[in-house]
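Asker: the sequence and its predicted three-dimensional model are supplied below.
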Amino acid sequence: MANFVRFQMFSGRPLTINGDNPLIKDQLTVSSVDSITVEGDPWVFFDSPDYGGDFVIYRAGERKQFPTGLKNIKSVRMIKGGIDRSKVILYPHPFFNGIAEPFQNKIDQLPSTYFSLKVAEGAVIFFDDENCIGEKRILLNGDEVQNFTAVKLTSIGKSVKTAWDMGPQ
């Protein structure tokens, strides 16, 4: 199965991306992109380089206009394996030590007893406030955080939900 995202420009040739790209140099803005086509796995579009800033998820098979809420697209990541199922494994100690506790659902208040995690399937969104509100950060299949204390727990979040729970975007 082909995995790509294609940006059809108002003028010039389309831009097709086949894998994660931490820095898109082309001008991808609402005034330059006519439509976006996603094939294969879902993709995440970020408004900052290095997968930072605000983001929007486009599912496979979608052909849409420019994502509402983003002013530009500066980086993209593919969610390998899709988002139909998401699974995070949380550990009570840094570097994945202790008894692993998997979860696959929304958690309105993430206990502060976890110190490392692995995303085993899909994608999960961490929010900096309880009840899945506030600034958000997405982690995808294969991402790991070895030590929350090294990156500060607040940078991971106080609540979490799966990308599937985010609904259509």
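Answerer: Yes, it's here. Bear in mind that the values here come from a model prediction, so they are computed numbers and not experimental data.

Asker: switch to C-alpha atoms for all contacts and neighbour counts from now on
Answerer: Fine.

Asker: helix, strand or coil for the most centrally placed residue in the chain?
Answerer: What sits nearest the mean C-alpha location of the chain, by Cα atoms, centre = their mean, is Ile138, with 3.8 Å. The three-state assignment at Ile138 reads strand, by DSSP: H, G, I helix; E, B strand; the rest coil.

Asker: which pLDDT value goes with it?
Answerer: Here the pLDDT value assigned to Ile138 is 92.

Asker: pretty sure it contacts Val124?
Answerer: Yes. With contact defined as Cα atoms under 8 Å, Ile138 reaches Val124; the gap is 5.7 Å.

Asker: lowest-confidence helix or strand of the protein?
Answerer: helix 153-156 (a mean of 56; mean pLDDT, DSSP states H and E).

Asker: show me how this protein divides into domains.
Answerer: 4-78, 87-163 (automatic domain parsing).

Asker: how long is the first one end to end?
Answerer: In domain 4-78, first residue to last residue: 8 Å (Cα to Cα, to the nearest Å).
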